[in-house]
Structure formats: structure tokens, C-alpha cells
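A.B. asks: would you be able to build a 3D model of this:
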Amino acid sequence: MDKSWSENNKEIQKLLTKEATFKDAIQKLLAITLMIAESNPDEKDIMTAMVMNLLRI
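C.D. replies: Numbers count the residues shown, from 1 in each chain. Next up is the predicted model:
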């Protein structure tokens, strides 16, 4: 992945703001879903918990 952790967090925050367009939101949710699906099986619970915490912000 070319982006830093901070840049990815900013992208996710943008997703959760009212400024994000519907299409942009769908694309980012798809990316998050694929990230979880492709992650190490031992880390899926951690990845899912991280996303759920981000959605609560």
C-alpha cells in the first residue's frame, strides 16, 4: 500500500463526513471490506474491530 497510516485514517474520516459523496463512500466501504477479506485470518477479528471503532467516531 502506498499511503501512510495517517493518510488512510484521513480518507476514512472523509468517508464518515457529510462532505463525502455517495459514490466515494461506497468505493471506500468496498476497499475496507476487501482489506478485511484479504487480511491474515488470525487478524480478521482485529481488522473488523478497528473498522467498527472507526464507524463509531
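
A.B. asks: which residue is the nearest non-sequential neighbour of the most centrally placed residue in the chain?
C.D. replies: Among the residues of the chain, residue 32 comes closest to the average C-alpha position under C-alpha atoms, centre = their mean, at 4.1 Å. Nearest non-adjacent residue to residue 32, counting by C-beta to C-beta, 6 or more residues apart in numbering: residue 51, 5.7 Å away. Using the backbone N, CA and C atoms, a C-beta is placed for each residue, glycine as well.

A.B. asks: go on, residue 55?
C.D. replies: With C-beta to C-beta, 6+ apart as the measure, residue 16 is the residue that lies nearest to residue 55, at 7.2 Å, once sequence neighbours are left out.

A.B. asks: neighbours of that neighbour, just the number please.
C.D. replies: One way to gauge burial is a neighbour count; for residue 16, by other C-beta atoms under 10 Å, it gives 14.

A.B. asks: how near is it to residue 41?
C.D. replies: Taken as C-beta to C-beta, to the nearest Å, the spacing of residue 16 relative to residue 41 amounts to 27 Å.

A.B. asks: give me the buried positions along the helix or strand of the chain with the lowest mean pLDDT.
C.D. replies: Sorting the helices and strands of the chain by mean pLDDT, DSSP states H and E puts helix 5-16 at the bottom, at a mean of 76. By neighbour count, with 16 or more other C-beta atoms under 10 Å as the criterion, the buried positions of helix 5-16 are 12, 15.
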